[in-house]
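Participant: okay, predicted coordinates and the sequence, questions at the end:
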Amino acid sequence: MIKNKETYIAINIVGVVVTMILGTWISMSANGLTTSGHGGFLNLILPAFVGLLTLILFFVARLLFKRYSWVVTIIGLVSLIYWSIKLYLNKM
């Protein structure tokens, strides 16, 4: 169990940022970005948007219920990877 509050917050922020970079890398590795109709713009913006939304929801959750705010981070990370893989497979 992490006792230091700043370390806990830093771990969540670093986790979201690393996953956001990984998600952008996965989605931008898709084949045929220029023929997909949106030119790869969605593949670039969506992982960053989901990552920033996750960070905002994490900080709001820290204000409302501190003990379970990590759940918001886990849900955000899973959804970020889900949408990145969906973009990679051209299922959007």
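Facilitator: Received it, and whenever you're ready, just let me know what you need. Numbering: from 1, shown residues only.

Participant: contacts and neighbour counts: CA atoms only from here.
Facilitator: Fine.

Participant: give me the below-cutoff pLDDT ranges for the chain.
Facilitator: Applying pLDDT under 70 to the chain picks out residues 1-3, 34-39, 91-92.

Participant: swap in 90 and give it another go.
Facilitator: Applying pLDDT under 90 to the chain flags residues 1-12, 27-46, 65-70, 87-92.

Participant: where exactly do the helices run in it?
Facilitator: Taking DSSP state H as the test, the helices found in the chain are 5-28, 41-64, 69-88.

Participant: what's the nearest residue to the residue sitting nearest the centre point of the chain if we skip its chain neighbours?
Facilitator: By CA atoms, centre = their mean, the chain has its centre lying nearest to residue 51, at 3.4 Å. Excluding its sequence neighbours, the residue lying closest to residue 51 (CA to CA, 6 or more residues apart in numbering) is residue 20, at 5.6 Å.

Participant: what about residue 12, distance to residue 47?
Facilitator: 16 Å (CA to CA, to the nearest Å).

Participant: these two: which has the busier surroundings?
Facilitator: For residue 12 versus residue 47, neighbours defined as other CA atoms under 10 Å are more numerous around residue 47 (27 against 20).

Participant: hang on, isn't the more buried one packed against residue 25?
Facilitator: No. Between residue 47 and residue 25 there is no contact under CA atoms under 8 Å: 9.3 Å.

Participant: show me what contacts residue 72?
Facilitator: Contact analysis of residue 72 by CA atoms under 8 Å, 6 or more residues apart in numbering lists 54, 57-58, 61.

Participant: can you check residue 79 too?
Facilitator: residue 50.

Participant: and it, how far is that from residue 73?
Facilitator: 10 Å.

Participant: and what of residue 88?
Facilitator: Distance from residue 88 to residue 73, by CA to CA: 22 Å.

Participant: same check on residue 11?
Facilitator: 10 Å.

Participant: cool, and residue 46?
Facilitator: Residue 46 is 17 Å from residue 73, by CA to CA.

Participant: so between those two, which is more surrounded?
Facilitator: Higher neighbour count among residue 46 and residue 73: residue 73, with 22 against 19, using other CA under 10 Å.

Participant: all set, thanks.
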